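> Sharing a model that was predicted from the sequence below.
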Amino acid sequence: MSLSQNKPTLRLDWCSYHAAEKSVMRWHYSRTMPKGKLVSIGVWENRDFIGSILFGLGSGKSTLGKAHGLQLFQMAELVRVALYRHQTPVSRIVSIAVKMLRKQSPGIKLLVSFADPLQNHHGGIYQAMNWIYTGRSSDKF
């Protein structure tokens, strides 16, 4: 058997709020949907729905955007990565979702995300994608 036969088929596409909510409630540790306007990208592996990637304005939108001299809609936050069991690396899935977001919203100049150390998250996904680590946020966010 060749390696290509073991490689899962991956498809990302826009998904409904309902599909995104279903994945967050089932597979994200927070079990909460972010508030506000969201961009929801569904993820299918071997034709099975395995979750969603969500982008939004985020919790620190005004402070972070202003700190970088940006208007409100020039930045976005990766607010949820809600995935069930999968073979494809999360960094690859998120990278494709980011490309989709950039194409859909070309005015975005800054994309941020946060790793929750209380959940033993250390930002490995972001490190694998060569994102810039800027340190821990303050308690103000």
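All right, it came through fine.
> CA only for contacts and neighbour counts going forward, please
Will do.
> Tell me where the protein has strands.
10-14, 38-45, 48-56, 75-83, 110-112 (DSSP state E).
> and the first one, which strands flank it?
Here the strand partners of strand 10-14, with direction, are listed using DSSP bridges: strand 38-45 (antiparallel).
> Using PDB, write out every CA atom in the partner strand.
The C-alpha trace of strand 38-45 is given here as PDB (Å, rounded to 0.1, in the frame of the first residue of the first chain):
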ATOM      1  CA  LEU A  38     -18.400  34.800  13.400                       C
ATOM      2  CA  VAL A  39     -16.800  33.300  10.300                       C
ATOM      3  CA  SER A  40     -17.400  29.600  10.500                       C
ATOM      4  CA  ILE A  41     -15.400  27.100   8.500                       C
ATOM      5  CA  GLY A  42     -16.400  23.500   8.600                       C
ATOM      6  CA  VAL A  43     -13.800  20.700   8.300                       C
ATOM      7  CA  TRP A  44     -14.400  17.300   6.700                       C
ATOM      8  CA  GLU A  45     -12.000  14.400   6.700                       C
END
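> Flag every buried residue along it.
Leu38, Val39, Ser40, Ile41, Gly42, Val43, Trp44, Glu45 (16 or more other Cα atoms under 10 Å).
> Same question for stretch 89-97.
Across stretch 89-97, burial judged by 16+ other Cα under 10 Å covers Val90, Ser91, Ile93, Val94, Ile96, Ala97.
> From Trp131, how far out is the last one?
Pointing back at Ala97 there. Relative to Trp131, Ala97 is positioned 14 Å away (Cα to Cα, to the nearest Å).
> Is Thr32 in contact with Val24, as I believe?
Yes. Counting by Cα atoms under 8 Å, Thr32 touches Val24, with 6.7 Å between them.
> and the spatially closest residue to Val39 that is not a sequence neighbour, how many residues sit next to it?
Excluding its sequence neighbours, the residue lying closest to Val39 (Cα to Cα, 6 or more residues apart in numbering) is Phe55, at 5.1 Å. Close neighbours of Phe55, defined as other Cα atoms under 10 Å, add up to 24.
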